[in-house]
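J.: can you look at this prediction? I've put the sequence above it.
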Amino acid sequence: MVGELLAKGFRPDVDRCIHLSGIIDQEAITRLIPRIVQLRLESSDPITLFIDSNGGAVLDADILYDLVSQSDLDNQKCQLITVAVRRAQSAAAFLLARGAYAVAYPTAVIHFHGLRHQAAVVTTEKAAELSAALQSHNDSYALTLARSVIGRFFWLILTFQTELPKIESPDFISGLSKWLEGKLSKPNANLVKRAYAKWQEAEELSSYVFKKIRLKKNPTNGEMDVAVLKMILDYEVKTKPKNWEITPEGFDQIKRDFYQFHDYHWGVHKAAFSDRAMPLLRLLLPPEKLQELYAIPEADLKGREVFLKGNVEPFALPIWYFILSLCRLLYEGENPLRVDEAYWLGLVDEVMGSDLPCMRVLHEEAGKQKAADQSQS
């Protein structure tokens with residue numbers, strides 16, 4: 001993500017900016033469209049969005065993001081630099097995190113929570129429908145958020161790798177979780193703990209199922225599901241207290257296990273993992289492994305797929321699922337964040353005026369060094 005801005009810089013530009021204040025709704029979009037169109041006609045340089053908003057409709061935040069970032073008639077794209085000036089809450093927090101480069105003022109307020117729906121009359125049936133719809137939308141926006149923050153987590157892992165276990169270590173996610181917990185307030189450290197627990201449950205269940213499962217050749221999807229379900233029942237019986245039984249609560253646990261197992265390995269997030277997370281996280285391979293990868297011809301798609309499956313996915317999928325679980329938890333309950341916490345959770349790239357490492361400084365120092373070298377030569 002940040003690499004896409006290297007050619008044009010990372011600094012907010014007041015000459016190419018729009019201001020989002022108040023509620024994010026259709027009226028706000030209508031007000032901003034002329035300025036966005038004007039800036040895009042002038043050039044494809046980044047547009048800065050200054051944010052001071054308590055939120056609004058996430059759908060309208062999506063529309064605003066697309067108005068800036070989608071390809072124009074000449075197939076030119078324009079990157080969005082987002083800046084939290086005072087408030088970035090709810091849909092505004094989501095919009096902030098989606099910036100190709102996101103900056104927060106030190107006194108800004110950042111707040112995530114689950115989607116809300118106001119219904120005048122709710123029946124039992126309608127409540128169930130609303131609950132399912134809200135959960136589906138929460139999951140969808142959490143996945144979009146995870147796609148946005150994975151690049152920042154890549155930066156954090158790369159920048160602070162000496163403080164973390166080795167990437168190929170089985171303790172890496174545990175070490176990453178504990179490291180992040182130490183950067184956060186108690187409520188938000190608990191978010192990280194819960195995300196780690198989600199990943200750990202999926203990993204332990206997967207390990208048990210794949211070790212024990214026996215499948216006939218070319219099973220149907222139904223036969224595969226039945227075999228997995230049998231292993232999950234076996235897992236519950238052998239890992240839970242001896243008095244565990246299939247009560248309504250026990251049956252709910254079985255359903256949760258089955259859905260989590262399926263989600264971990266075949267959920268809709270796997271497409272984002274393949275096209276967004278894997279290309280980034282494979283760069284964390286040891287140098288000798290990277291050389292092996294680059295030695296495989298680009299035309300040999302099968303060879304590269306096998307290599308990535310065996311060498312990248314074992315460490316990349318846990319990182320991705322841990323981050324995805326964290327983003328999902330941001331859409332549960334109320335989650336106010338300090339700006340430095342937003343940095344450590346990959347929601348912003350830079351906290352203005354702080355000494356937290358950021359890509360802008362690295363880029364500008366490299367530019368100065370290049371100019372100095374050219375001057376000397």
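T.: All right, it came through fine. Numbering: from 1, shown residues only.

J.: where in the stretch 151-300 of the chain is pLDDT low?
T.: For the stretch 151-300 of the chain, no stretch is flagged by pLDDT under 70.

J.: again, only this time at 80
T.: The model of the stretch 151-300 of the chain has pLDDT under 80 over residues 240-245.

J.: how about the helices in it?
T.: In the stretch 151-300 of the chain, the helices defined using DSSP state H, counting those that start in this stretch lie at 172-181, 186-212, 221-239, 248-266, 269-272, 278-281, 287-295.

J.: can you mark which positions in the longest one are buried?
T.: Spelled out, that is helix 186-212. Neighbour-count burial for helix 186-212, counted by 16 or more other C-beta atoms under 10 Å, picks out 188-189, 191-192, 194-196, 198-203, 205, 208-209. Glycine gets a C-beta too; all of them are placed from N, C-alpha and C.

J.: closest one to Asp66 among the helices of the stretch 151-300 of the chain?
T.: Asp66 lies closest, by C-beta to C-beta, to one member of the helices of the stretch 151-300 of the chain: helix 269-272, at 17.4 Å.

J.: list the contacts of that closest one.
T.: Residues from elsewhere that reach helix 269-272, judged by C-beta atoms under 8 Å, 6 or more residues apart in numbering: 143, 146-147, 263, 320-321, 324.

J.: output it in PDB with nothing but the alpha carbons.
T.: Extracted in PDB, the C-alpha atoms of helix 269-272 (Å, rounded to 0.1, in the frame of the first residue of the first chain):
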ATOM      1  CA  HIS A 269     -11.300 -13.800   3.400                       C
ATOM      2  CA  LYS A 270      -9.000 -16.300   1.600                       C
ATOM      3  CA  ALA A 271      -9.300 -14.300  -1.700                       C
ATOM      4  CA  ALA A 272      -7.900 -11.200   0.100                       C
END
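
J.: next, the buried residues of it.
T.: In helix 269-272, counting by 16+ other C-beta under 10 Å, buried: 269-270, 272.

J.: just checking, Gln253 touches Glu236?
T.: Yes: the pair Gln253 and Glu236 passes the contact test of C-beta atoms under 8 Å, sitting 6.6 Å apart.

J.: what strand or helix carries the residue most central in space within the chain?
T.: What sits nearest the mean C-alpha location of the chain, by C-alpha atoms, centre = their mean, is Ala146, with 1.3 Å. In this assignment (DSSP states H and E), Ala146 forms part of helix 124-159.

J.: ok, Phe112 touching Tyr331?
T.: Yes: if you go by C-beta under 8 Å, Phe112 and Tyr331 touch, sitting 6.8 Å apart.

J.: higher neighbour count, these two?
T.: Applying other C-beta atoms under 10 Å to Phe112 and Tyr331 shows that Phe112 carries more neighbours, namely 29 against 22.

J.: SS state for that one?
T.: strand (DSSP: H, G, I helix; E, B strand; the rest coil).

J.: counting neighbours, which of the contacts of helix 269-272 end up buried?
T.: 143, 146-147, 263, 320-321, 324.

J.: those residues: which two are farthest apart?
T.: Applying C-beta to C-beta across those, the maximum distance is between Arg147 and Asp263, 16.4 Å.

J.: roughly how far apart are Gly56 and Ser177?
T.: 33 Å (C-beta to C-beta, to the nearest Å).

J.: kindly report the same for Leu164.
T.: For Leu164, the distance to Ser177 equals 10 Å [C-beta to C-beta].

J.: between those two, which has more neighbouring residues?
T.: Shown here are Leu164 and Ser177; by other C-beta under 10 Å, Ser177 has more neighbours (21 against 17).

J.: leaving out sequence neighbours, find the closest residue to the more buried one.
T.: In this structure, Ser177 finds its nearest non-sequential neighbour in Tyr196, 3.9 Å apart by C-beta to C-beta, 6 or more residues apart in numbering.

J.: need the contacts of helix 269-272 in TSV (columns: distance to Leu284).
T.: As requested, these are exported to TSV (distance: C-beta to C-beta, whole Å):
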residue	distance to Leu284
Leu143	22
Ala146	17
Arg147	18
Asp263	24
Trp320	12
Tyr321	16
Leu324	18
